[in-house]
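Chemist: Below is the sequence, then the predicted model.
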Amino acid sequence: MRFQSPLVPARLIRRYKRFLADVRLEETGEVITAHCPNPGAMTGLADEGMRVWLEPSRNPGAKLSHGWRLVELADGHWAGIDTAVPNRVAKEALMAGSVPALAAYTGVRPEVRTGEKSRIDFLLSEPGLPDAWVEVKNVHLSRDGTLAEFPDCVTARGARHLDELAALARTGARAAMLYIVQRTDCDAMALARDIDPGYGAAFDRARDAGVEMLCHGTAISPEGVEFGPALPVER
């Protein structure tokens with residue numbers, strides 16, 4: 001997945017009201033307010049002075065001229081903060097057959113209803129195979145070395161998605177949770193059970209019901225975010 005516009009560097013001044021961030025553009029020194037497309041805690045990714053990368057809006061009517069996309073980490077590593085990116089990355093990978101566990105499926109439908117109020121990110125189909133329901137989650141919390149963690153805040157919605165996948169698995173369909181790690185400095189993923197015990201309990205129920213827990217890393221640069229290798233999922 002390539003960014004639609006070249007990213008520009010800035011220094012973070014503050015992130016506030018969840019979806020806003022004041023930054024100082026490196027090229028001009030101008031202070032602007034950028035859109036922060038992330039409702040989570042963003043622990044360790046929103047500290048004052050961090051070098052961040054913004055994407056200029058292509059919509060002349062947009063209220064904010066730039067959207068925050070990346071954070072530079074130590075030792076040349078990167079983190080992506082846009083929670084919409086993993087779905088775009090996953091869609092490209094699923095359509096290209098690049099997710100080994102799901103490579104047999106050629107039919108990929110996004111945002112498919114499972115009930116009156118619920119949608120799952122992708123429904124995969126292939127003649128002779130059971131349908132496969134896939135939900136995608138963005139992972140960018142890391143508190144312990146090279147271990148990525150999910151979630152970074154309490155997510156009742158995330159727990160509900162796991163329970164919906166578990167219900168689908170019990171009907172005989174395939175169901176998978178696909179965690180996309182938007183950090184280049186992590187080589188495994190675990191649950192942040194101390195942050196959200198309810199999500200941890202839903203994860204256990206879903207895995208016991210047959211939901212497949214998949215995790216993949218990413219390659220990140222100011223040019224884009226690309227689907228990466230499988231990473232182990234620890235309980």
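Modeler: Yep, it's here.

Chemist: Apart from its chain neighbours, what residue comes closest to Glu234?
Modeler: Spatial nearest neighbour of Glu234, chain neighbours left out: Ala190 (4.1 Å); criterion: CB to CB, 6 or more residues apart in numbering. The way it works is simple: take the backbone N, C-alpha and C, and place the C-beta from them, glycine included.

Chemist: For the residue nearest to Cys36 when sequence neighbours are not counted, give its distance to Met95.
Modeler: Using CB to CB, 6+ apart and skipping the chain neighbours, the partner closest in space to Cys36 is Ala21 (4.5 Å). Going from Ala21 to Met95 by CB to CB, to the nearest Å gives 32 Å.

Chemist: Looking at the two, which one has more neighbours?
Modeler: Ala21 (27 against 14; other CB atoms under 10 Å).

Chemist: got a list of what Lys117 touches?
Modeler: Not one residue lies near Lys117 by CB atoms under 8 Å, 6 or more residues apart in numbering.

Chemist: Same check on Phe227?
Modeler: By CB under 8 Å, 6+ apart, the contact list for Phe227 reads Val89, Ala90, Glu92, Ala93, Ser98, Val99, Ile180, His216, Thr218.

Chemist: Tabulate those residues (a markdown table), appending distance to Arg15.
Modeler: A markdown table is the format used below for the contacts of Phe227 (distance: CB to CB, whole Å):
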| residue | distance to Arg15 |
| --- | --- |
| Val89 | 23 |
| Ala90 | 26 |
| Glu92 | 28 |
| Ala93 | 29 |
| Ser98 | 33 |
| Val99 | 32 |
| Ile180 | 22 |
| His216 | 27 |
| Thr218 | 22 |
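
Chemist: Thanks a lot, see you next time.
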